[in-house]
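Enquirer: no sequence on this one, just coordinates:
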């Protein structure tokens, strides 16, 4: 799954979607999609990510108390 970094608007390939949808995890592992060489995986804060369209991630992916 590709997401966009809010800060630099670069695309990030998410390695494990399970990490992304888990509201108890604040970070997700991904690879920056820039240049011709594959970039090493690194952690990204979910607060800094949006869908490529600019839409925010669902609150249920970010907040474990979203029902409250």
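Expert: The structure has been received and is ready for your questions. These numbers come from a predicted model, not from an experiment. Numbering: from 1, shown residues only.
Enquirer: in this protein, which spans are helices?
Expert: For the chain, the helices defined by DSSP state H cover 17-21, 59-62.
Enquirer: any chance of those helices in TSV, with distance to residue 38, mean pLDDT and mean neighbour count too?
Expert: C-beta here means a position set from N, CA and C on the backbone, and glycine is covered the same way. Listed next are the helices of the chain as TSV, based on distance: least, Cβ to Cβ, whole Å; pLDDT from 0 to 100; neighbours: other Cβ atoms under 10 Å:
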stretch	distance to residue 38	mean pLDDT	mean neighbour count
helix 17-21	19	96	15
helix 59-62	26	95	14
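Enquirer: who does residue 3 bridge with?
Expert: Taking DSSP bridges as the rule, residue 3 bridges to residue 12.
Enquirer: could you measure from residue 38 over to residue 56?
Expert: Residue 38 sits 28 Å away from residue 56, going by Cβ to Cβ, to the nearest Å.
Enquirer: and residue 4, how many neighbours?
Expert: 19 (other Cβ atoms under 10 Å).
Enquirer: quick check: it touching residue 51?
Expert: Yes. In terms of Cβ atoms under 8 Å, residue 4 counts as a neighbour of residue 51; the distance is 6.9 Å.
Enquirer: columns distance to residue 28 on top of the helices of the chain, output as JSON lines?
Expert: JSON lines is the format used below for the helices of the chain (distance: least, Cβ to Cβ, whole Å):
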{"stretch": "helix 17-21", "distance to residue 28": "5"}
{"stretch": "helix 59-62", "distance to residue 28": "9"}
